[in-house]
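K.L.:
build the 3D model from these lines:
(one chain, ligands or ions: 1)
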Amino acid sequence: MTQDQYSIWWVRRDLRLTSNPALELASREHREVIPLFILDPVFIRSAQSLRTDFLFSGLIELDKQLRRFGGKLFVQVGQPEQVLRRISDHFQAPIYAEEDYTPYARQRDEKVSMEVKLFLTRGLTIFHPDEVRTDNGAPYQVFSQFKKRWLSLQLPKKAEYDLESITFARAQRLESKPIPEPKTSVSSGETVGLEKAADFLADDGDIFDYSFNRSRMDRELTSGLSPFLKFGMVSVDALIEKAFDLLDNPLLPSTQRSAVETWISELIWREFFQAAIYHFPHTVTKSFRPAFDHIAWNRDENDLLKWKSGCTGYPIVDACMRQLATKGTIHNRGRMIVASFLVKDLLIDWREGASWFMHNLIDGDIAANTGGWQWTAGTGLDAAPYFRVFNPILQGQKFDPNGEFVRTWIPELREIEDKYVHQPWQSSRLGKNANSIKGYPFPIVDHFIARSATLNAFESAKNLFG
Ligand SMILES: Cc1cc2nc3c(=O)[nH]c(=O)nc-3n(C[C@H](O)[C@H](O)[C@H](O)COP(=O)(O)OP(=O)(O)OC[C@H]3O[C@@H](n4cnc5c(N)ncnc54)[C@H](O)[C@@H]3O)c2cc1C
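P.N.:
Below is the predicted model:
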């Protein structure tokens, strides 16, 4: 066994065989690659969400693909540093992995690199957070400035290699545990992700209507790629490259050009939030603006429960929350509406909402989720001003104009007249003393009264501690 015969490709959030910098490096420097996934026993015990089902299906799919190339995905159970030391010692193999910027991942990788030779590569984002800094070397705190610098940088070369020429370790090389069976059937993995991306970015794809359609909650016209990006089943390099290719067409009408640019901007928001937790890891649990950690939050469990279960009496909020509990997803506009409602109408700490989202979202990603919550709450980096409060009735009327989305998730409102679907308590058919419609409750708070109480609470924290 020579020193450089084996390498370990430690699969974490890069469940793909194409455009994969960690795999590229592992195969370039060594004759045989051992693809390895490590399951933490604590994680398996608590694994019961749609997100873990999505992950397990993705692992099964990756294993199938590897078998087409003569290899397999090896699965081990245990603490990463212990598992890796054992295997790395046995095969005299260094480890290659895509860098992950969450505080948990960084601590884990630090521990691992004390035990074994670990090479971290780019891949989760186009640019490493350290590459997008101000002229003085400081991290950006304002998105528009981050975006400007990001766009001025030369895109890195996409990882390219011939999969046929990579030798993957055969099954006999190492023992492997079975991949846990997903409890629900979900469409996951690189093949599905690539198909979705190809459809969205095709010449007649939905990307060209993105500016216009992206906020409509009664349609599903965004890419739907977030869970695939979360687990690296599609490469962000490939998506960005394709989107820029579309802009190269000189005949592209200006509305379509601007739609493609808007979509690219969303991917840059993703990079902004990844950079944010890298530079400011404390923001996962603390407000970026410390004064807002002194808000006198409402701790009423009942209010929180009504929000979680979709029983606030505001149809657009409740439809989203019911969709989240059933499908593990909410449209971006819906995420902003329900987050605003929890924080600004119920005055409940944004961390309660962020944690419920992480529990339920298939695409649950610490960076994007923390960024989205702190942005909506007005406590974060380049956040919406805290006094910006979404009006749940107007938002519903604007982004679900016929109430189609609401009716899908709230059967109690299927029969209601269109004009009342976002404010059913106004329905002329109801008697004066009614307080619900077929069991669907009337609002638990008055939006305008609640809004003003919240603004006072934010204002006080700002004045006393800002
Ligand atoms: C309160 C809140 C919580 C959120 N939590 C998450 C989360 O846990 N995981 C997650 O991936 N996204 C999160 N987002 C961002 C956004 O809602 C989703 O990325 C988007 O809805 C995914 O749909 P799509 O793939 O069709 O996106 P598209 O509209 O097609 O956008 C393309 C990609 O860009 C990225 N993106 C789009 N919008 C944003 C954004 N605002 N911030 C960061 N990245 C973005 C995503 O990776 C997305 O897949 C959150 C937003 C809010 C307001």
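K.L.:
can you classify Trp9 as helix, strand or coil?
P.N.:
strand (DSSP: H, G, I helix; E, B strand; the rest coil).
K.L.:
surely Leu23 touches Leu17?
P.N.:
Yes: under the criterion of Cβ atoms under 8 Å, Leu23 makes contact with Leu17 at 6.9 Å. The way it works is simple: take the backbone N, C-alpha and C, and place the C-beta from them, glycine included.
K.L.:
look at those two and report which has more neighbours.
P.N.:
Neighbour tally, Leu23 and Leu17, criterion other Cβ atoms under 10 Å: the higher count belongs to Leu23, 27 against 18.
K.L.:
surely Val445 meets Ile348?
P.N.:
No: using Cβ under 8 Å, Val445 is not in contact with Ile348; the gap is 11.1 Å.
K.L.:
up against the ligand, what does the stretch 101-250 of the chain have?
P.N.:
214, 222-226, 229-230 (Cβ under 6 Å from any ligand atom).
K.L.:
so who does the closest residue to the ligand within the stretch 251-400 of the chain touch?
P.N.:
Distances between the stretch 251-400 of the chain and the ligand by Cβ to the nearest ligand atom are smallest at Gly372, namely 2.4 Å. Gly372 sits next to 273, 335-336, 339 when contact means Cβ atoms under 8 Å, 6 or more residues apart in numbering.
K.L.:
state the next helix or strand along the chain beyond the host helix or strand of it.
P.N.:
Following DSSP states H and E, one finds Gly372 within helix 366-377. Counting by DSSP H and E, the next helix or strand C-terminal to helix 366-377 is helix 392-399.
K.L.:
and that following helix, C-alpha only, in CSV?
P.N.:
In CSV, the C-alpha atoms belonging to helix 392-399 read as follows (Å, rounded to 0.1, in the frame of the first residue of the first chain):
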residue,chain,number,x,y,z
PRO,A,392,-51.4,39.7,6.4
ILE,A,393,-54.7,40.7,4.7
LEU,A,394,-53.1,42.8,2.0
GLN,A,395,-50.3,40.3,1.5
GLY,A,396,-52.9,37.6,0.9
GLN,A,397,-54.9,39.7,-1.5
LYS,A,398,-51.9,40.6,-3.5
PHE,A,399,-50.0,37.3,-3.7
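K.L.:
just the helices in the stretch 301-450 of the chain please.
P.N.:
301-308, 315-327, 332-340, 350-360, 366-377, 392-399, 404-409, 447-465 (DSSP state H, counting those that start in this stretch).
K.L.:
quick one: contacts for Ser211?
P.N.:
255, 258-259, 262.
K.L.:
so how far is Arg388 from the residue lying closest to it once chain neighbours are set aside?
P.N.:
Leaving aside its chain neighbours, Ser211 sits nearest to Ala259 (4.4 Å; criterion: Cβ to Cβ, 6 or more residues apart in numbering). Using Cβ to Cβ, to the nearest Å, Ala259 is found at 25 Å from Arg388.
K.L.:
more neighbours, the two?
P.N.:
Legend: neighbour count by other Cβ under 10 Å for Ala259 and Arg388, higher for Ala259 (22 against 12).
K.L.:
mind listing what the more buried one touches?
P.N.:
Contacts of Ala259 (Cβ under 8 Å, 6+ apart): 207-212.
K.L.:
swap the cut-off to 10 Å and go again
P.N.:
206-214, 246, 252-253 (Cβ atoms under 10 Å, 6 or more residues apart in numbering).
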